[in-house]
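> here is a sequence with its predicted model. Questions after.
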Amino acid sequence: MDNYEYIIASLPTLHYSQDRDRSLDPARVLSDIREQLSAEDYVLLDFTLRGFEAESLNADFYSQALKSRCRFIREYFLYDLQLRNLKVGYLNSQLGRSEDSDLLILEQAPECEADTRDEILQALSCEALLERERALDRLLWAKAESITELDIFNINLILSFTVRLKITDRWLKLDEKTGKELFRKLVDEIRSTYDNKKQNLI
């Protein structure tokens, strides 16, 4: 039996802002949600959580997401893929590489609409590294909310909440120093990948 109304009514309220509720325990909230889901919805929740694991974000994951029976998963991870590709293109340009390098192109994924592309590029244009990451997460937050604007007591609302909870958790753990270190690590990884590929061509 679906228990959506009870689950949704018991969820804490989340706000995207720099001031975080330090008493929030995301792991405990997710555990409480899991205990009340059907086996079928449990699978959808776990798939959504995989989208926050770096090692999972490959062509197979996004292909599965775009074919999912779940509307939230299809729409959210299409946007996530488009954002990540534009971010990789931006980092490539900063490193003097071809902007097409290392993009994840899927035949079944439609191209970014102009408005979507513009809003993501605007977020990427933030000069401060930490603010850039916040701006990108703010877009993902807004997308998760917009997908479920017309939904009432269903799994889409729970998955939208889960995405926003994971974004909140990320910033609970992140300060400016950590943010700069993570960005530097990301750039180093991309440069290392480029150098390795270049070496193999010699």
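Received it, and whenever you're ready, just let me know what you need. A quick note: this is a predicted structure, and the numbers were derived from the prediction, not measured. Numbering: from 1, shown residues only.

> report the central residue of this structure.
Asp80 (5.3 Å; Cα atoms, centre = their mean).

> which element is that one on?
helix 71-94 (DSSP states H and E).

> packing partners of whichever helix or strand comes after that helix?
For helix 71-94, the following helix or strand on the C-terminal side (DSSP H and E) is helix 114-124. Judged by 3 or more Cβ pairs under 8 Å, 6 or more residues apart in numbering; DSSP states H and E, helix 114-124 is in contact with helix 71-94, helix 129-147. (Glycine included, C-beta is placed from N, CA and C.)

> tell me which residues of helix 114-124 are tucked away?
116, 119-120, 123-124 (16 or more other Cβ atoms under 10 Å).

> same check on stretch 140-160?
140-141, 143-144, 147-148, 151, 154-160.

> and the two most separated of the residues you listed?
Leu140 and Asn154 (20.5 Å; Cβ to Cβ).

> export the buried residues of stretch 140-160 to TSV and tack on pLDDT and distance to Ser56?
Output for the buried residues of stretch 140-160, formatted as TSV (pLDDT from 0 to 100; distance: Cβ to Cβ, whole Å):
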residue	pLDDT	distance to Ser56
Leu140	95	16
Trp141	92	20
Lys143	96	19
Ala144	94	18
Ile147	96	20
Thr148	91	23
Asp151	83	25
Asn154	89	24
Ile155	93	20
Asn156	93	21
Leu157	90	23
Ile158	91	20
Leu159	95	16
Ser160	92	19
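
> any idea which of those is closest to Ile8?
Using Cβ to Cβ, the buried residues of stretch 140-160 come closest to Ile8 at Leu157, 5.6 Å.
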